[in-house]
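Q: My questions are about this predicted structure, shown below with the sequence.
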Amino acid sequence: MVPTKKDDLRKMVTQTTVEMYEELTPQLIQLIEKTKHDDTLTEAQKQDEISLHMLGYVKSCTNEIIIEVLAEILGLEDCERG
């Protein structure tokens, strides 16, 4: 779908945002849980690591949102790997 109005684009981006965050959340939870149970880290180090995981999560989601929305607008397809 190619949006013809700014509101249509906003809806497309919002929908894609929700989908991306839901899709990538399990990976974030795994990283956080692994960090929480890492006995080699101090509590402060654990918090620093979790903050880095969160920043990486937001960055990954943002990149995927941009890619998905642009791909849909431009009619791009995924490459199939053989």
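A: Looks like it came in fine. Numbers count the residues shown, from 1 in each chain.

Q: Spatially, which residue comes closest to the residue nearest to the spatial centre of the chain, not counting chain neighbours?
A: Among the residues of the chain, Cys61 comes closest to the average C-alpha position under CA atoms, centre = their mean, at 2.0 Å. Using CB to CB, 6 or more residues apart in numbering and skipping the chain neighbours, the partner closest in space to Cys61 is Met20 (4.8 Å). Just so you know, the C-beta spots here come from the backbone N, C-alpha and C atoms, and that holds for glycine as well.

Q: Am I right that the one you found is in contact with Ile67?
A: No - here Met20 does not reach Ile67: they are 9.5 Å apart, not a contact under CB atoms under 8 Å.

Q: between those two, who's got more neighbours?
A: Met20 (20 against 13; other CB atoms under 10 Å).

Q: how close does that one sit to Ala71?
A: Noted for Met20: a distance of 13 Å to Ala71, by CB to CB, to the nearest Å.

Q: ok, now Glu64?
A: 10 Å.

Q: Pretty sure Glu68 sits against Val18.
A: No - between Glu68 and Val18 there is no contact under CB under 8 Å: 11.6 Å.

Q: Looking at the two, which is more packed in?
A: For Glu68 and Val18, the more surrounded residue by other CB under 10 Å is Glu68, and the numbers stand at 18 against 11.
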